[in-house]
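Asks: Sequence below, structure please.
(chains A and B)
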Number of protein chains: 2
Amino acid sequence: MPKTLHEIDVSLGERSYPILIGEGLLDDCPALLAHARGRQVAIVTNETVAPLFEPRLRRALAGAASALVTVALPDGEAHKDWPSLNRIFDALLADRFDRNCLIVALGGGVVGDMAGFAAATYQRGVDFVQVPTTLLAQVDSSVGGKTAINHPLGKNMIGAFHQPRLVLADVTTLRSLPQRELSAGLAEMLKHGAIADPAYLGELERDMAALLGCEPAPMAAAIARSCEIKAEVVAADEREADRRAILNFGHTFGHAIEAGMGYGAWLHGEAVGAGMIMAAELSRRLGMLDAAACGRLREAVASARLPVSAPRWPAERWLELMSVDKKAEQGTPKFVLLDGLGKAVVRKVPEAPLRETFEACAAGDA
Amino acid sequence: MPKTLHEIDVSLGERSYPILIGEGLLDDCPALLAHARGRQVAIVTNETVAPLFEPRLRRALAGAASALVTVALPDGEAHKDWPSLNRIFDALLADRFDRNCLIVALGGGVVGDMAGFAAATYQRGVDFVQVPTTLLAQVDSSVGGKTAINHPLGKNMIGAFHQPRLVLADVTTLRSLPQRELSAGLAEMLKHGAIADPAYLGELERDMAALLGCEPAPMAAAIARSCEIKAEVVAADEREADRRAILNFGHTFGHAIEAGMGYGAWLHGEAVGAGMIMAAELSRRLGMLDAAACGRLREAVASARLPVSAPRWPAERWLELMSVDKKAEQGTPKFVLLDGLGKAVVRKVPEAPLRETFEACAAGDA
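Replies: Sure thing, here's the model as predicted:
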């Protein structure tokens, strides 16, 4: 009996590709073998993920690839840098991989970003396939073609847009995830519902217990819908000129929380969870969202076991963290707001309601 | 009175751009100012070129750019590496350059490759303008969008295709070039004539003294025709799938000479000069080119003050340098050959005429 399998197509002209979501794709995926057949294949992963899944993927690829090498990078955002990236190049060149080789990213967002950037730049561009193993990577970083490494002066400052040929999201890999990382992925999924599809938001609310329990069928269905929403937005705006900005709902506040707490203290998804509540609260204060919708989003974030309160900081600190240049005539930066659930808009915002939002959402008050 | 100005358009759809060739463009170019106006601009150059031309370019840009920074990299192929590239990123980030910034490459091929790769990857891609100051860069590396840095295990192994918005070739900058570098540029120009346009080859032969003397009018006309030929080939095959390979005429032999002599002993253009004579000789031995055409090409290369004889090495050394895997069933690699002057073709070649060519073209015999 075939297990659940969803296919989402990301439509980007000649750079279009499918996302397959299901159970057991790591061991059995004809689409992956079709890409690997007769080619030099490099699995790029990290030291945490490798023992969990690399042997299975290697076994699946071994019969098809003409050569197969694994590069296990050190784990973590701190290693999303040039020395780690260069380990990929070292391995490819040591084994004389040519321009027709294939890079397979096996891991979370950091691995995907690095393997993708290596693929974008090795011999001026080779094919790559993403096998995301975290929920965040399955619903977010595997759609959109953004690749990058960090620079000491800024995150994701050096990178490229490079679309994968195929994305495989095997939901069984999520069982190995710590609870916090699962919740962090759910934050992005709630975001997709909030900005684009209230019915999907309702399904997430309804199925939250099953999702937290990693039940394959509802999880695969939800991931598919999230990928579909993100793919639609990206297809309309591949290079992030305008429309794609709505995917940053909750992120202006979220990034401030991440930066202010020190990167790594809050997971990105956790900061986005609280950030969405702040953005909803700001939308409410601007008369765009009613109190019921605002409360509903807050409940949904809480049910995903995400933080719902922001740190208690002075407004000046928030403004500084959000890089608000008060001297600039433009005033405050643009925010992604909700003009009702399911409809995201990008607006400049006066400072007064912003200051009220910091206060209203701070821990202890909310 | 307006000075000579040629414009060649490189047709690559939405990535199309013009190449302007003339006198004094460094000081006065409205097209450059139109790109720079109101933007953060970084001039990327090297320590040799900076004192010659950077103040002029800076003066021209100063009124237009909202911010202007210069990054002078250490000179030479040995510095075409990650640490140098990172100096560009350091400078851009230190001055908070955003995604709308403009990078201007001022120098030869190495500067263009590095500035171009920085532009391809800074914040996932920003605009750049090339101001090539060597003849080789004006006729070759500024057309085609190839950018790269070297890796200890291979040249140009890490890079991207990233087209400039504009190329400015100011022929007056060539007066500062050492004779050998001027001749090296002429080698690529002779190549353009040989593979695509016998009439242009004839013009180069006719004007060789004027070109060696850097006379502006004939030099600008010749550069324009070379850029036109290269642009036509690149437009037909931007990602180097097939047709673009004809630009490698003389390069299989040339690369072997560069590698065998140790990189830097022969300039790339010098190796290509001798390599073209070898490729012509091989074409003759395969019955594709007559002796007169072969001799004519040899005379043209000699008149550009380029070496016409190859090193005297055993055939096994040549084959090894050309990465011929004798165990492979395919036999010898593909060569770009001339099926008459002006018509380049890519063919596999049997080993016997190849061995004869090594012998026939070696220093002392030819």
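
Asks: How is chain A divided into domains?
Replies: A:5-177, A:181-213+A:249-361 (automatic domain parsing).

Asks: Out of those domains, the one nearest B:Met278 is which?
Replies: With C-beta to C-beta, the closest approach to B:Met278 among the domains of chain A belongs to domain A:5-177: 24.8 Å. All C-beta atoms are positioned from the backbone trio N, CA, C, and that covers glycine.

Asks: from the chain's centre, how far out does that closest one sit?
Replies: 14 Å (C-alpha atoms, centre = their mean, to the nearest Å).

Asks: sorry, back to before: I'd like to know which of the domains of chain A has the weakest mean confidence.
Replies: Mean pLDDT values for these show the minimum at domain A:181-213+A:249-361, a mean of 92.

Asks: Regarding it, how distant is the last residue from the first?
Replies: 23 Å (C-alpha to C-alpha, to the nearest Å).

Asks: re the thing from before, please render the domains of chain A as JSON lines that adds distance to B:Phe161 and mean neighbour count to the earlier fields.
Replies: Formatted as JSON lines, those follow (distance: least, C-beta to C-beta, whole Å; neighbours: other C-beta atoms under 10 Å in any protein chain shown):
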{"stretch": "domain A:5-177", "distance to B:Phe161": "6", "mean neighbour count": "20"}
{"stretch": "domain A:181-213+A:249-361", "distance to B:Phe161": "31", "mean neighbour count": "20"}
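
Asks: can you redo those domains as JSON lines with distance to B:Met288?
Replies: Converted to JSON lines, the domains of chain A look like this (distance: least, C-beta to C-beta, whole Å):
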{"stretch": "domain A:5-177", "distance to B:Met288": "28"}
{"stretch": "domain A:181-213+A:249-361", "distance to B:Met288": "61"}
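
Asks: how about the ones you listed, which one is nearest B:Glu299?
Replies: Going by C-beta to C-beta, the one of those nearest B:Glu299 is domain A:5-177, 36.4 Å.

Asks: The closest one and chain B, any residue contact?
Replies: Yes - using C-beta under 8 Å from any C-beta of the partner chain, we find that domain A:5-177 touches chain B at A:82, A:86, A:89-90, A:93-94, A:120-125, A:146-148, A:151, A:153-154, A:156-161.

Asks: Return the subset of these lying in helices.
Replies: Residues from the residues of domain A:5-177 next to chain B lying in helices, with DSSP state H as the criterion: A:Trp82, A:Asn86, A:Phe89, A:Asp90, A:Leu93, A:Ala94, A:Ala120, A:Thr121.

Asks: which ones are touching the second one?
Replies: A:Asn86 sits next to B:Trp82, B:His151 when contact means C-beta atoms under 8 Å, 6 or more residues apart in numbering or on different chains.

Asks: Quick one: closest of the domains of chain A to B:Leu338.
Replies: In terms of C-beta to C-beta, the element of the domains of chain A nearest to B:Leu338 is domain A:5-177, at 26.1 Å.

Asks: what's next to stretch A:24-32, contact-wise?
Replies: Residues outside stretch A:24-32 that contact it (C-beta under 8 Å, 6+ apart): A:3, A:18, A:20, A:53, A:56-57, A:59-61, A:104, A:129, A:131, A:166, A:168-170, A:172-173.

Asks: on that earlier part again, closest to B:Pro198 out of the domains of chain A?
Replies: Going by C-beta to C-beta, the one of the domains of chain A nearest B:Pro198 is domain A:5-177, 31.9 Å.

Asks: From the opening residue of the closest one to its closing one, how far?
Replies: 21 Å.
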